[in-house]
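>>> Compute the structure for the input listed below.
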Amino acid sequence: MHNKAFFVGITYDLKDDYLSEGFSKEEAAEFDRLHTIEAIDNALQQMGLKTQRIGNVKKLAAMLVAGHRWDFVFNICEGMYGIGREAQVPALLDAYNIPYVFSNVLVLSLTLHKGFTKQIIRDANIPTAPFFVVNNPDEIDLVNLPYPLFAKPVAEGTGKGIDTKSKIHDKSQLIDTCLFLLQKFKQPVLVETYLPGREFTVGIAGNGAEAKSVGIMEIHFKSPETEQIYSFNSKDDWRNLLEYAVPEPSVVEICEKVALDAWRVLGCADGGRVDLRMDANNIPNFIEVNPLAGIDPIESDLPMLARMQGIQYQQLMEMIVHAAIKRIFKFNNV
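Sure thing, here's the model as predicted:
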């Protein structure tokens, strides 16, 4: 890579740690299994980097106080509490002036809130479904969008809070779904015009003008009888319920443009995914961005869609880390 052998810390939330503490499978859905951490560690070592596994934000805090330091940190911590949960590790690292792979505090705080993110996307004239954020029960009456609608928690990932009740056909259903989500997830609800078209996810590596697509895949449901909603349950049981495919070149081109436009406008860094769904006119609409995309070699969408383009896991990891090193240290020969 270059002459300096960097010392790299790895921050992550280990799923088993949270399950053993009594958290539910859904609560721990975004956290990683040990084999994912091992794959990341191995990929970094293959690049000639010296690594140290740190763990979650509390373990990072203890190690920083004890005097541990790294040239940079490979961060995939999702966090557990608060709207800034994904930004907690970057904020702590910023306080100690230690750089890290993936997006910064502002981007991770902003993009966890799907409503604020869509405001920026909309203002940038990037297609996204009309929407309204319901902050409390009194605001349900303010939703003034044509049915059908789609509702989900404003700040969750991995399909949490999304199921067959998310697609809404009338006012009583809107009230029931919003009240349920407000109560269960203790956060606002994003209500948006339902997009009836095809669904895609686009993988991205790099920064700014140099960011590029590493692949795109379309999400198909195996059974036409299944409600076509990409939910927590369908993601959890994807082998039985879903098929992934590369769409035709004309669709790839228009989807990649929307995804890259969104990536750059939001200031996302190094690598991640943008989720899209077509409207009734077959125009890809921005759904959300995943600046901390899952990076399990087999299970996660980003490595999966890269693999469909012939980009193996090690190569994908090198694209992400090289982009980060170039951004952090201003190297031009990575």
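
>>> I'd like the next helix or strand past the helix or strand of the chain with the lowest mean pLDDT.
Lowest by mean pLDDT, DSSP states H and E among the helices and strands of the chain is helix 232-236, with a mean of 63. Once the chain leaves helix 232-236, the next helix or strand it forms, by DSSP states H and E, is helix 238-241.

>>> And that next one, how far out from the chain middle?
In terms of C-alpha atoms, centre = their mean, to the nearest Å, the centre of helix 238-241 is found 20 Å from the chain centre.

>>> Adjacent strands (with direction) for the helix or strand following that helix?
Once the chain leaves helix 238-241, the next helix or strand it forms, by DSSP H and E, is strand 242-245. Strand pairing for strand 242-245, using DSSP bridges, gives strand 212-221 (antiparallel).

>>> List the contacts of the strand it pairs with.
With contact meaning C-beta atoms under 8 Å, 6 or more residues apart in numbering, strand 212-221 is reached by 198-206, 228, 230, 234, 241-247, 251-252, 255-256, 259-260, 271, 301-302, 304-309, 311, 316, 319. Glycine gets a C-beta too; all of them are placed from N, C-alpha and C.

>>> Buried by neighbour count: which residues of it qualify?
213, 214, 215, 216, 217, 218, 219, 221 (16 or more other C-beta atoms under 10 Å).

>>> residues near residue 330, how many?
Neighbour count of residue 330, defined by other C-beta atoms under 10 Å: 7.

>>> Just the local confidence number for it, please.
With respect to pLDDT, residue 330 has a value of 87.

>>> ditto for residue 222
So residue 222 comes in at 81 (pLDDT).

>>> That one: neighbour count?
With other C-beta under 10 Å as criterion, residue 222 counts 12.

>>> cool, and residue 19?
Residue 19 has 14 nearby residues by other C-beta under 10 Å.

>>> Next: the one 4 residues further on.
Residues near residue 23, counting by other C-beta under 10 Å, number 15.

>>> With residue 163 instead?
For residue 163, using other C-beta under 10 Å, the count is 16.

>>> dump the residue contacts of residue 288.
111, 114, 117, 274, 275.

>>> and it, that's in a helix?
No. Going by DSSP: H, G, I helix; E, B strand; the rest coil, the assignment for residue 288 is strand, not a helix.

>>> separation between it and residue 162?
11 Å (C-beta to C-beta, to the nearest Å).

>>> If you count neighbours, what's buried in stretch 46-62?
For stretch 46-62, by 16+ other C-beta under 10 Å, it's 47, 49, 51, 54, 55, 56, 57, 59, 60.

>>> correction: stretch 97-113
Result for stretch 97-113 [16+ other C-beta under 10 Å]: buried residues 98-105, 107-113.

>>> Return the subset of those residues lying in strands.
Using DSSP state E, the subset of these located in strands is 100, 101.

>>> so which of the buried residues of stretch 97-113 comes closest to residue 10?
residue 101 (9.5 Å; C-beta to C-beta).

>>> and the residue lying closest to that closest one once chain neighbours are set aside, which of the three is it?
Take residue 101 and drop its neighbours on the chain: the residue closest to it by C-beta to C-beta, 6 or more residues apart in numbering is residue 324, 4.2 Å away. Residue 324 falls in the helix class when you classify it by three-state DSSP.
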